[in-house]
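Trainee: sequence? don't have it. structure:
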C-alpha cells in the first residue's frame, strides 16, 4: 500500500509538468502533442517526420545507421530513462480564463500587506535602518499594486516599475533586508553576485543567468517567477573601469546587458541548468513584473560625495571647509545619481533604478540591539544551544556592550559580532557539557576583556562559583 500511495503522488506531480522533445528540446505547449517511445523518451511530430524523411537514403548496417535524427539514441538507449529529469521539465501554464485570475497570497489586492505592516514585520528582524525599511516597504507595495493593476486590466494607465538601488558599508544588512522582505511576502527570491557576470560570449555567467536562478527558485513555474524578486549583490563591482585600453567585459558591458532585464523584456532562459546548451530546454520569461533590487558597498564613494559637497571655493564667507565632512558617519545618506555616475555607473543603468537610498553604518548602540532584540538574535541562538544541555546562559549588560565595542574595532559591521562571540564561547561550549551539575553560566565584562572568567553556578546548591583560569584549561588562549 505505501508504494501505491507514492506512485499516486508522483502521478499527481507529473500532471503539473509538460513533456519536452528529446531532439529539439521544445516543450509540449510549443511543439504540440508528443509521441512517446520506450524508455520515457518523447519526440514531437516535426522531429519524427524529419526522421522518417531521412530514411530514404539509408544503408542500414548497424543500429540506427544513416538516420541522423536517431543517431543520438545509439549506444545509450538503456540509460535514457534518467536523461529527462523533472527539474528540466516545465510547469504547465494555465489556459483560457485562468490566466487572468489573480494569484492567491501576496498578489491578491485584498491580502496585500500595507507599507506599515511590511515595515512592522521588518522591525521584528532588522534593527535600525528606519529610513531604508520605510523606502523598501513603500516601493514593494507600489510594485505589487502595479502587478495587480496589470492583471486586472481596468484602464490604460500603466504604472512604471520601481527598481531599487541601495548603498551602504559592509555588514549593514543589505542582503539580510532583502531576504527578510521576500520571506514576509512569500515570493520567490534569487540572490546573485554581479562579480561573476560577464558580457555574453566570454567566460562566466551572462546577465540572463540571474533570471534562470529565479526560475529555479520558483520550482520552474514561469508565472510564479514572473512575480518574484531578484537581488543583484556587489553591483558596484561592474562599474566602468578607468584608464584601461582593454575591452571591459565585466564592467560597462554588463551594465548595458542588464538594461533590457531591468526595464522588462522576454528572455529565453534554460530550465534546470545554469547555461544554455543543446540538451537543455528553453522557456521564455517576461521580466516586466520582476522587482530588481541592486546593492553594493561602493568603496570610496564617500570621497566622491565629499568632493561634490566641498567643490565651492575654499576662500570667502560662504566657503565649505574641506574637513567639514571628514567625521560625518552618515555621509552616504547624501548620495545622488551624480555621485554614482562619477563612480562608474552609466546613466542608462541608473535611470532604470529610480529608488536610490543608503543604509546607515553600524553604531555601537545598533550592534547592542542586534545582539538582543531580533527574534533570531545571536545571543538568543547561543542561549538555545546551551538550553539543550539544560544550562542557563546569561549575558551581563556590560558584557554585551563590550562585545559591541570589539565588533566596532573590526570595521566589518554586524558580521563581526559572531566572530567576536565565537572567540570567548569556544571554551564554554567545550567545557560545560563535561559537568552535569552546572546550571547557569554568566558572561561578565571582565571575561570579554580577557581579565577574568565566566561565573558558574552549580545546579545542586545554586551558589555562585567563580572559576579561575586553571579551572578552564582551554581558556588560557583567551
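Mentor: Good, I have the coordinates. Predicted model only: the values in this text are computed from it and were never measured.
Trainee: for the stretch 151-300 of the chain, what spans make up the helices?
Mentor: 174-185, 209-217, 222-225, 252-263 (DSSP state H, counting those that start in this stretch).
Trainee: which of those is buried the deepest?
Mentor: helix 209-217 (a mean of 23; mean count of other C-beta atoms under 10 Å). The way it works is simple: take the backbone N, C-alpha and C, and place the C-beta from them, glycine included.
Trainee: What is it packed up against?
Mentor: With contacts taken as 3 or more C-beta pairs under 8 Å, 6 or more residues apart in numbering; DSSP states H and E, helix 209-217 sits against strand 189-193, helix 222-225, strand 229-233, strand 266-270, strand 282-286.
Trainee: That helix: how far from the chain's middle?
Mentor: Centre-to-centre, helix 209-217 and its host chain are 11 Å apart (C-alpha atoms, centre = their mean, to the nearest Å).
Trainee: Next, the angle helix 174-185 makes with that helix.
Mentor: Put simply, helix 209-217 runs at 40 degrees to helix 174-185, going by axes from the mean of the first three to the mean of the last three C-alpha atoms, to 10 degrees.
Trainee: avg pLDDT for helix 209-217?
Mentor: Confidence for helix 209-217, expressed as mean pLDDT, is 87.
Trainee: Repeat that for stretch 389-405.
Mentor: On average, stretch 389-405 scores 90.
Trainee: Just the endpoints, please. Distance across that stretch?
Mentor: Start-to-end span of stretch 389-405 (C-alpha to C-alpha, to the nearest Å) is 30 Å.
Trainee: Identify all contacting residues around it.
Mentor: 364-365, 367-368, 371-372, 379, 382-383, 386-387, 417, 420-421, 432-433, 438-445, 447-449 (C-beta atoms under 8 Å, 6 or more residues apart in numbering).
Trainee: ok, which stretches of the stretch 301-450 of the chain are helices?
Mentor: 301-309, 337-343, 347-351, 364-372, 378-387, 397-410, 415-431, 445-448.
Trainee: Residues contacting the longest one, please?
Mentor: When you say that, I think you mean helix 415-431. 170-171, 367, 370-371, 378-379, 382, 385-386, 403-404, 406-408, 410, 412, 441, 443, 447-448, 454, 472, 474-475, 477-478.
Trainee: Of all the helices of the stretch 151-300 of the chain, which one comes closest to residue 45?
Mentor: The minimum distance between residue 45 and the helices of the stretch 151-300 of the chain falls on helix 222-225, with 23.8 Å, by C-beta to C-beta.
Trainee: Near residue 308, how many other residues are there?
Mentor: Neighbours of residue 308 under the rule other C-beta atoms under 10 Å: 14.
Trainee: Would you confirm that it contacts residue 338?
Mentor: Yes. Counting by C-beta atoms under 8 Å, residue 308 touches residue 338, with 6.8 Å between them.
Trainee: thinking again about what came up before, CSV please, covering the helices of the stretch 151-300 of the chain and showing distance to residue 426.
Mentor: Output for these, formatted as CSV (distance: least, C-beta to C-beta, whole Å):
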stretch, distance to residue 426
helix 174-185, 25
helix 209-217, 36
helix 222-225, 43
helix 252-263, 42
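Trainee: Ok, which of the ones you listed comes nearest residue 199?
Mentor: Nearest of those (C-beta to C-beta): helix 252-263, 3.8 Å.
Trainee: related to what we said a few turns ago, can you flag the buried ones in the contacts of stretch 389-405?
Mentor: Buried by 16 or more other C-beta atoms under 10 Å: 367-368, 371, 379, 382, 386, 417, 420-421, 432, 438, 440-445, 447-448, out of the contacts of stretch 389-405.
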